[in-house]
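**Student:** Whatever this is, show me its structure:
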Amino acid sequence: MKWDLDGTLAARFGFDEFRTGQREAIETLLEHGQLLCIQPTGHGKSLLYQLPAVLLEGMTIVVSPLLALMRDQIQHLVERFDIPAATLNSDQTEEENDAVAAAARAGSVRILFVAPEKLDNLETFGLLTSLHVSLFVIDEAHCLSTWGHDFRPSYRRILGAVLELTERHADLRVLALTATADERTTADICKHLGDGDETLHVQRQSMDRPNLALSVEPVQGLAPKLERLLAIVGESTVVRDNSGCGILYCATRDQTEIVAGYLSANGVLVTAYHAGLTPERKRALQRSFVTGETRLIAATNALGMGIDKPDVRLVVHVDIPGSITAYYQEVGRAGRDGDPASGVLLFDEGDRAVQEYFIQSAQPTPDDFSRILASIRGAEAPPGLMMIRSRCGLHPTRVTVVLAELMEQGFVVKELQQRRQVYRLTDRSGQPDLTRYQRQLEVRTRELDSMFAYARDDEECAMATLRLALGDSDVARCGQCGRCTDCALEPAEPPAVRALDWVAARPVVVPEVRRPAMAAGRAVFDGTLRTIAFVSFMQARGSEEPLPAELCATVDGHVQAIADEHDLSAVVAVPSLTWRQRDVAAQWVADQLGIPFIDALAYASHPPARQGELTNNDQRRDNIKGRMCGRGIALPAGDLLLLDDYMGSGATLKEAGRVLRGDLGCDGIIVPFVLARVRWKLGNAGMI
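**Tutor:** Down below sits the predicted model:
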């Protein structure tokens, strides 16, 4: 068939010509039907499925883990190119996903984006395989490979979808896209998608990014890291010239809040973005960043990987990522318009502990398999995911990994019971094969070692090192990275707010909650820092002594700040079996605000265990669920300050919010305020 590629490119997309390799890739896909395309970030991979989607009859399905990319792409497709597009993902409500499913069945969606975890949903899987699909696209295809840096068990479900769709549609085309796949990963992707033959064509392009200047800045400790970051951002064109925007990558949710808070305290407005925010908040922040209203954003990779924004002038890795391939993808968000851009890595040797924790969290053991099998076997009826997590007590990531493996190896099947997914054991005997995860541990450890070697090396060209690691050959020095130019940032003047002082006194964010509705609140202490003041408070909370004067002064500052933002009418305290200072502290806070303390909450029955004794947040949720009740005391109209001594998983605050909303009829804003925010371990008891 003769395809009018140039005419479609001009008429539908408004481009005069293809970028290097785009035409060849599209022609290969249309002619041969299967293509793995490996292109550098910012090279226009989206066009490789957008244009064929216009030419082909039927629907195009794009599986991508990048929710931000989905939102960004859908806006472009609908508003700019007049191509009907929608998405199915966990950030949407059940009603929103149902509406999209209905539109897909009706044939009114041309491109449907699907998060990989939705393929684990039997109802969604059945929907997709029932549609008239002409093109199936796998974004971030390296996630298919156990040799890749970012293997995801949910991607295994993709192979089943491709097989079933191929049986239904003999002319189905399959496009796999990635910016990071070395030769071994490429061969593994071809093995799975091409079924071992040569039907999957491979197109690889150079990973060079000649407009991107890379550098590594050694730091040691959080405070020096924050002050160095402030200097880098302050000297960037984003701040100095109000030109373009910047992404500050952080390894954890807490770190995004710390970075945004510290830079903002020094007059550089930065917004935090991470997966713990509500879907509405994430969508609003992404819109603000894409439109340029927000110029600097501190984010985990929940955001930046999916942002198709051409004028990112600066990408700073505040924390070292887990692999060179992840680093290349993330820093590659900079300079997508071809103009000069910078990528800076703040390198602290101590950051390795965070990445090793991520690796171990996803690394299952034989005992994990036994515990999950026992959790299913011991249930009175086939259990759902949350029940399994609560019964086994493992880290949630481990549970997801192990269940995916047990299903693939035939030990467990998943069934749909009135839109509820449950798990049932099969009659297969023997032990699961864990070879795949032994390999993954080796791969991820080796990748982390390579990332640290890149950061420590102060001689080899930074871009050349990345390109060699990603499969390029015959690379030359870039001539512009920090190692090629031997150009380092000059020492900066001491900041207006010193990081060490700010970290010790900073307000800690208590995240917003959707159900029951509670606003974002505050905590006085960050328990992970183990400051002297935090330790003193935790030791004294079991006594009936009043709060010390220094702590009272700090608490007063926080609650007055909350009062400036909300119309507070009363203080309500979470019931506690161990915080003996509760009533005195609640009355003191109420007196400072000039509002009443209403002791409206009580335990209907005591929780079976203390939250810190449990081993994951599902157990903590079930431990407290339904345990509280109202005392029958009327609440005044207006907003409530909900006080507790400390929060970990947030389950206790949510239970209190449930009673306030349901039993006591509160319709104002509930603002949580706690003395300390701690982090419970996952998979083990106790605090981090």
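**Student:** Can you show me the helices along the stretch 351-500 of the chain?
**Tutor:** Using DSSP state H, counting those that start in this stretch, the helices of the stretch 351-500 of the chain run over 352-361, 366-377, 385-392, 396-408, 435-456, 462-469, 482-485, 499-505.
**Student:** What residues sit buried inside the first one?
**Tutor:** Taking 16 or more other Cβ atoms under 10 Å as the basis for neighbour counts, the residues of helix 352-361 that come out buried are 355, 358-359. All C-beta spots, glycine's among them, are computed from the backbone N, C-alpha and C.
**Student:** quick one: contacts for the closest residue to A381 other than its chain neighbours?
**Tutor:** Nearest non-adjacent residue to A381, counting by Cβ to Cβ, 6 or more residues apart in numbering: V422, 7.5 Å away. Listed by Cβ atoms under 8 Å, 6 or more residues apart in numbering, the contact set of V422 reads 381-384, 414-416.
**Student:** repeat that with 6 Å
**Tutor:** Shown in contact with V422 (Cβ atoms under 6 Å, 6 or more residues apart in numbering): 382, 384, 415.
**Student:** between those, which is nearest L112?
**Tutor:** E415 (24.8 Å; Cβ to Cβ).
**Student:** Provide the partner residues of the closest one in its beta bridges.
**Tutor:** Assessed by DSSP bridges, E415 has beta-bridge partners V422.
**Student:** Next one: it from S236, what distance?
**Tutor:** According to Cβ to Cβ, to the nearest Å, E415 and S236 sit 53 Å apart.
**Student:** the more surrounded of these two?
**Tutor:** S236 (21 against 11; other Cβ atoms under 10 Å).
**Student:** who's in contact with that one?
**Tutor:** L314.
**Student:** what's the closest of the contacts of V422 to A251?
**Tutor:** G384 (30.8 Å).
**Student:** And the closest residue to that closest one other than its chain neighbours, what's its pLDDT?
**Tutor:** Of all residues not flanking G384 in the chain, V422 sits nearest, at 5.4 Å (Cβ to Cβ, 6+ apart). Listed pLDDT for V422 reads 95.
**Student:** With M386 instead?
**Tutor:** We have a pLDDT of 94 for M386.
**Student:** so what's W502 up against?
**Tutor:** With contact set as Cβ under 6 Å, 6+ apart, W502 has these partners: 262, 265.
**Student:** Also D311?
**Tutor:** D311 neighbours (Cβ under 6 Å, 6+ apart): 244, 337.
**Student:** roughly how far apart are it and V233?
**Tutor:** Taken as Cβ to Cβ, the span from D311 to V233 is 16 Å.
**Student:** Any stretches of the chain with poor pLDDT?
**Tutor:** 1, 67-69, 148-150, 195-198, 304-308, 487-492 (pLDDT under 70).
**Student:** Name whatever forms a beta bridge with the closest residue to M518 other than its chain neighbours.
**Tutor:** Nearest residue to M518 in three dimensions, chain neighbours excluded: I670, at 4.5 Å (Cβ to Cβ, 6+ apart). Beta-bridge partners for I670, by DSSP bridges, are L640.
**Student:** my guess is T300 meets H274, correct?
**Tutor:** Yes: with contact defined as Cβ atoms under 6 Å, T300 reaches H274; the gap is 4.7 Å.
**Student:** Just give the closest residue to V513, not the sequence neighbours.
**Tutor:** V513's closest residue in space is K654 (Cβ to Cβ, 6+ apart), at 6.2 Å.
**Student:** Cheers, nothing more for now.
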